[in-house]
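Student: got a predicted structure plus its sequence, pasted below:
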Amino acid sequence: NMSSALGNLLVKSTTRIIKNTAKFELAVDDLIEKFSEACPPKDQLLEIVRQKNQIQSALSNVLGAFGRINSTVNTTKTIVTTVGTAVKVIKAIPLPTSVPPGIGIPVNVITLLADSLDTLGDLVKGAKASLRIVPPVAKTVTSSAEVVLTKLATLDGVLNKCIEELLNDL
């Protein structure tokens, strides 16, 4: 049965997204803690802000696409395109040059996030015939993405304090 096989795939893929988003959250938690205690040097700060912004906007777009889910094929197209674009954005995040390892969001965590979104995009593409499966998946993905975005917003606050400090020193 095609749709049950696809259903299983989607469940597996969704599980992977949740695991990878959880890893991502932990990485962001780390940064929040680190920078609450002390700000990174200016070049690292800017690098991290850039990374964070790219991931934030990519995830917001995915959230938007999944948020508008209904059972039309059009929606599927939108989701596939949006997820594809988000993956490109996340994969294109330049590896931080000025940031020593251990500062910023670990590259492997970013890659994991991109890869699991990638898989999801492919599955949604294949799911056109059985779109009933997509809404529950969408719900899971959006709630995962929302948690990450909330975390990134907290990181925003911490980084903004650092930016203010920088400006005051000028």
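Tutor: Thanks, I have it.
Student: for the chain, just list every one of the strands.
Tutor: Here the chain has no strands by DSSP state E.
Student: any idea which residue is closest to the centre of it?
Tutor: The residue lying closest to the centre of the chain (C-alpha atoms, centre = their mean) is Leu59, at 4.7 Å.
Student: and it, what does it touch?
Tutor: By C-beta atoms under 8 Å, 6 or more residues apart in numbering, the contact set of Leu59 is Ala86, Ala145, Val148, Leu149, Leu152. Where you see a C-beta, it was placed from the backbone N, CA and C, and this is true even at glycine.
Student: I'd like to know which elements the helix or strand of the chain with the lowest mean pLDDT is packed against.
Tutor: Least confident element among the helices and strands of the chain, by mean pLDDT, DSSP states H and E: helix 73-91 (a mean of 71). Counting by 3 or more C-beta pairs under 8 Å, 6 or more residues apart in numbering; DSSP states H and E, the packing neighbours recorded for helix 73-91 are helix 42-67, helix 107-126, helix 134-169.
Student: reformat those as TSV; add mean pLDDT and distance to Ile17.
Tutor: Formatted as TSV, the helices and strands packed on helix 73-91 follow (pLDDT from 0 to 100; distance: least, C-beta to C-beta, whole Å):
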stretch	mean pLDDT	distance to Ile17
helix 42-67	83	10
helix 107-126	73	4
helix 134-169	84	6
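Student: the ones you listed: which one's closest to Ser13?
Tutor: Minimum separation from Ser13 across the helices and strands packed on helix 73-91 (C-beta to C-beta) falls at helix 107-126, 4.8 Å.
Student: are there helices or strands packed against that closest one, and which ones?
Tutor: Looks like helix 107-126 contacts helix 2-37, helix 42-67, helix 73-91, helix 134-169 (3+ C-beta pairs under 8 Å, 6+ apart).
Student: and for the nearest residue to Val147 once chain neighbours are set aside, the neighbour number?
Tutor: For Val147, ignoring the flanking residues on the chain, the nearest one in space by C-beta to C-beta, 6 or more residues apart in numbering is Glu25 at 6.3 Å. Applying other C-beta atoms under 10 Å, we find 17 residues neighbouring Glu25.
Student: test my guess that Glu25 contacts Leu149.
Tutor: No. Assessed by C-beta atoms under 8 Å, Glu25 is found out of contact with Leu149, at 10.5 Å.
Student: Glu165 - how many residues pack around it?
Tutor: 11.
Student: ignore what I typed, I meant Val141.
Tutor: 26.
Student: for Ile90, same thing?
Tutor: 22.
Student: ok, Ala86 next?
Tutor: Ala86 has 27 neighbours, counted by other C-beta under 10 Å.
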